[in-house]
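> the following comprises the amino acid sequence and a computationally predicted model.
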Protein chains: 2
Amino acid sequence: MGKTLVYPKRDSNTVNRYKHRATYDLGAIHSIINSSQVLHVSFNPGPSDPFPAILPMIGQMASFDYPSASIDEPLDCYLHGYVSSRIMNLARASEDEGLPVCVAASKVDGLVLSLTPNSHSYNYRSAILHGYAKLVTDEAEKLWAMELITNSVLPDRWKHSRIPPDKAEMSSTVILKVRIVDGSGKIRDGGVSDERKDTDNTEVTERVWTGVVPVYETFGEPIPSVSNKVEEIPGYITSYVAKTNEKNRDYATTAVGITLPKEEQH
Amino acid sequence: MGKTLVYPKRDSNTVNRYKHRATYDLGAIHSIINSSQVLHVSFNPGPSDPFPAILPMIGQMASFDYPSASIDEPLDCYLHGYVSSRIMNLARASEDEGLPVCVAASKVDGLVLSLTPNSHSYNYRSAILHGYAKLVTDEAEKLWAMELITNSVLPDRWKHSRIPPDKAEMSSTVILKVRIVDGSGKIRDGGVSDERKDTDNTEVTERVWTGVVPVYETFGEPIPSVSNKVEEIPGYITSYVAKTNEKNRDYATTAVGITLPKEEQH
């Protein structure tokens, strides 16, 4: 474990509740971000607005400077957006380091149904990152990030679509690059955990069903558009759909089976 | 439509991109929030931290003062949390109106695969709310909100578990009540939408498969805990699992079939 890279613990990213579920491991955090279809990105619109804003965005962690960097190495977060959106305008206007943002991703893996509401929980994986966002101005890096993000939605889609983007398409799309300062993750798996005051009470245990309902995201059968001219659904789509469905179902089910020592659960 | 209640448009909640997808309708926004298993809640930790924070939380919109209020009427957002978490400490310490927060919920309903990456999209539903968060101090309101939130995870679970919570359980749980100031939602459904420059290009249309891959959340078979003593999985669980699976699958599939006028798509 000596070589595992971890994010530094600062006030802003240190997990204080259920610490045993926390991770600062780059690989674990980046994996949660990269397998999420939507990221929630928070920023402050300006001094006249008391409320932070949240925008759902598509993004990926990767390194343009070190393209061979693996998931557990330092990476940047690339976010896809529209040229005149508020977050892009703020990032464009930001000086020095860039716009301070928080990036979050969360997945629910199961409903954990215990004897008493207080012991109910989710199996879940969540991650947050803090960093400074700037617009990508280098055209090669921008094109690379656009391909990265398209292929995160569906692997190999980029090369199977009409590329490269034309001039109008390139200028209407903006890529935000977040230089990460810190991050943390939280993972809960396992079964139910109840306290002795309830497990010793037969009136309760004979009446209340306990267990886990697995939760996972599913892809349905691809539905061709009315204008589609390609007769068969291509293999890179059908195989990704099948593989992801199996992986998601397996994760949610297997997560229940991992038995943590009693005192670490719930 | 004269009676539909809408949130006021302010700078902080007005949708500027794809305006035709925007909604300010209370019913639409509250429905997205209430059918989401996880909400992302953003707040500012304090003047010494440049980054907004995001916390995944469980919550529901409802009215304690007007319990018969329907989903399209003014409601408060109740969020469940732990007594000493940072957001609870900030809300406890906040004066006057409460802690300014942003609450967000997003669901992906489909991958929209068009001819060119620039026209790719998701079918999705997203909502944000801005408001001021305060701790619920009235014990009756707190207990009511705990039941509300438990039953949002699984309808009727509260009464089928060991209730009421004891003194220690009541004091370790904190409920945050957000008084909503504004909100907005965004909904994208329908099929692919491409520009004439691509649909007229047979080299592209004969090569690129276009269509929608539906995406929906699925519940797996409930897995009893090792200590479970109730032989059969109760009907309120199996029927909710079956009904929700059907509803989620139907929504994602039906969403593809809604055909918007050409110029409103993408």
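It's in.
> in the stretch 51-200 of chain A, which spans are helices?
In the stretch 51-200 of chain A, the segments counted as helices under DSSP state H, counting those that start in this stretch are A:86-93, A:139-153, A:167-172, A:196-199.
> the first one packs against which elements?
Identification of packing neighbours for helix A:86-93 by 3 or more Cβ pairs under 8 Å, 6 or more residues apart in numbering or on different chains; DSSP states H and E yields strand A:39-43, strand A:53-62, strand A:76-82, strand A:99-113, strand A:121-135, strand A:173-188. Every C-beta, even on glycine, is put in place using the N, C-alpha and C of the backbone.
> quick revisit: mind putting the helices of the stretch 51-200 of chain A in CSV, mean pLDDT and mean neighbour count included?
Shown next, in CSV, are the helices of the stretch 51-200 of chain A (pLDDT from 0 to 100; neighbours: other Cβ atoms under 10 Å in any protein chain shown):
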stretch, mean pLDDT, mean neighbour count
helix A:86-93, 91, 18
helix A:139-153, 97, 18
helix A:167-172, 93, 12
helix A:196-199, 96, 14
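> got JSON lines for the helices and strands packed on helix A:86-93, with distance to residue A:70 and mean neighbour count too?
Formatted as JSON lines, those follow (distance: least, Cβ to Cβ, whole Å; neighbours: other Cβ atoms under 10 Å in any protein chain shown):
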{"stretch": "strand A:39-43", "distance to residue A:70": "20", "mean neighbour count": "26"}
{"stretch": "strand A:53-62", "distance to residue A:70": "10", "mean neighbour count": "23"}
{"stretch": "strand A:76-82", "distance to residue A:70": "14", "mean neighbour count": "22"}
{"stretch": "strand A:99-113", "distance to residue A:70": "19", "mean neighbour count": "25"}
{"stretch": "strand A:121-135", "distance to residue A:70": "17", "mean neighbour count": "23"}
{"stretch": "strand A:173-188", "distance to residue A:70": "16", "mean neighbour count": "22"}
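> now render those strands as CSV, adding mean pLDDT.
Below are the helices and strands packed on helix A:86-93 laid out as CSV (pLDDT from 0 to 100):
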stretch, mean pLDDT
strand A:39-43, 98
strand A:53-62, 97
strand A:76-82, 93
strand A:99-113, 97
strand A:121-135, 96
strand A:173-188, 95
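> can I get those in a markdown table with distance to chain B?
What follows is the helices and strands packed on helix A:86-93, written out as a markdown table (distance: least, Cβ to the nearest Cβ, whole Å):
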| stretch | distance to chain B |
| --- | --- |
| strand A:39-43 | 4 |
| strand A:53-62 | 4 |
| strand A:76-82 | 5 |
| strand A:99-113 | 4 |
| strand A:121-135 | 4 |
| strand A:173-188 | 7 |
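> who wins for proximity to residue B:249 among those strands?
The closest of the helices and strands packed on helix A:86-93 to residue B:249 is strand A:99-113. By Cβ to Cβ, the value is 17.3 Å.
> now find how far off-centre that closest one is within its chain.
Relative to the chain's own centre, strand A:99-113 is displaced by 7 Å; criterion: Cα atoms, centre = their mean, to the nearest Å.
> adjacent strands (with direction) for it?
strand A:39-43 (antiparallel), strand A:121-135 (antiparallel), strand A:211-219 (antiparallel) (DSSP bridges).
> could I get the ones you listed as JSON lines with distance to residue A:257?
Shown next, in JSON lines, are the strands paired with strand A:99-113 (distance: least, Cβ to Cβ, whole Å):
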{"stretch": "strand A:39-43", "distance to residue A:257": "29"}
{"stretch": "strand A:121-135", "distance to residue A:257": "11"}
{"stretch": "strand A:211-219", "distance to residue A:257": "9"}
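> could you list every helix and strand in contact with the longest helix seen in chain A?
In chain A, taking DSSP state H as the definition, the longest helix is helix A:235-257. The elements that helix A:235-257 packs onto, with contact taken as 3+ Cβ pairs under 8 Å, 6+ apart, are strand A:99-113, strand A:121-135, strand A:211-219, strand B:211-219.
> buried set for that helix?
Residues A:237, A:240, A:241, A:244, A:245, A:248, A:249, A:251, A:252, A:253, A:255, A:256 are the ones in helix A:235-257 that count as buried (16 or more other Cβ atoms under 10 Å in any protein chain shown).
> who touches that helix?
Contacts to helix A:235-257, defined as Cβ atoms under 8 Å, 6 or more residues apart in numbering or on different chains, come from residues A:109-110, A:123, A:154-157, A:160, A:189-191, A:212, A:214-219, A:222, B:113, B:209, B:213, B:218, B:220, B:223.
> which of the helices and strands packed on helix A:235-257 sits closest to residue B:14?
Using Cβ to Cβ, those put strand A:99-113 closest to residue B:14, at 19.7 Å.
> quick one, the closest one and strand A:173-188 angle?
Here strand A:99-113 runs at an angle of 40 degrees relative to strand A:173-188 (axes from the mean of the first three to the mean of the last three Cα atoms, to 10 degrees).
> any chance of the helices and strands packed on helix A:235-257 in CSV, plus distance to residue B:139?
As requested, the helices and strands packed on helix A:235-257 are exported to CSV (distance: least, Cβ to Cβ, whole Å):
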stretch, distance to residue B:139
strand A:99-113, 25
strand A:121-135, 24
strand A:211-219, 30
strand B:211-219, 33
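> closest to residue B:80 out of the ones you listed?
Evaluated with Cβ to Cβ, the helices and strands packed on helix A:235-257 place strand A:121-135 nearest to residue B:80, the distance being 11.3 Å.
> which non-adjacent residue is nearest residue A:252?
Nearest non-adjacent residue to residue A:252, counting by Cβ to Cβ, 6 or more residues apart in numbering or on different chains: residue A:214, 3.7 Å away.
> contact partners for that neighbour?
A:109, A:110, A:123, A:249, A:252, A:253, A:255, A:256, B:219, B:220, B:221, B:223.
> any idea how far it is from residue B:36?
Applying Cβ to Cβ, to the nearest Å, the value for residue A:214 to residue B:36 is 18 Å.
> residue A:255 too?
20 Å.
> just residue A:107 next, same as before
13 Å.
> helix or strand for the spatially most central residue of chain A, which one?
What sits nearest the mean C-alpha location of chain A, by Cα atoms, centre = their mean, is residue A:33, with 2.9 Å. Assigned by DSSP states H and E, residue A:33 falls within helix A:26-34.
> figure out which of the helices and strands packed on helix A:235-257 is closest to residue A:16.
Judged by Cβ to Cβ, the one of the helices and strands packed on helix A:235-257 that comes nearest to residue A:16 is strand A:121-135, at 13.6 Å.
> restrict the longest helix of chain A to CA atoms and write it as CSV.
Output in CSV follows, covering the C-alpha atoms of helix A:235-257 (Å, rounded to 0.1, in the frame of the first residue of the first chain):
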residue,chain,number,x,y,z
GLY,A,235,-21.5,-4.4,-31.9
TYR,A,236,-19.7,-1.6,-29.9
ILE,A,237,-23.1,-0.5,-28.7
THR,A,238,-24.7,-3.9,-28.0
SER,A,239,-21.6,-5.2,-26.2
TYR,A,240,-21.3,-2.0,-24.1
VAL,A,241,-25.0,-2.2,-23.1
ALA,A,242,-24.7,-5.9,-22.2
LYS,A,243,-21.4,-5.6,-20.4
THR,A,244,-22.5,-2.5,-18.4
ASN,A,245,-25.8,-4.0,-17.4
GLU,A,246,-24.0,-7.1,-16.1
LYS,A,247,-21.4,-5.1,-14.3
ASN,A,248,-23.9,-2.7,-12.6
ARG,A,249,-26.1,-5.6,-11.5
ASP,A,250,-23.2,-7.6,-10.2
TYR,A,251,-21.8,-4.7,-8.2
ALA,A,252,-25.1,-3.9,-6.4
THR,A,253,-25.6,-7.6,-5.6
THR,A,254,-22.0,-8.4,-4.6
ALA,A,255,-21.9,-5.3,-2.4
VAL,A,256,-24.5,-6.8,-0.1
GLY,A,257,-22.4,-9.9,0.4
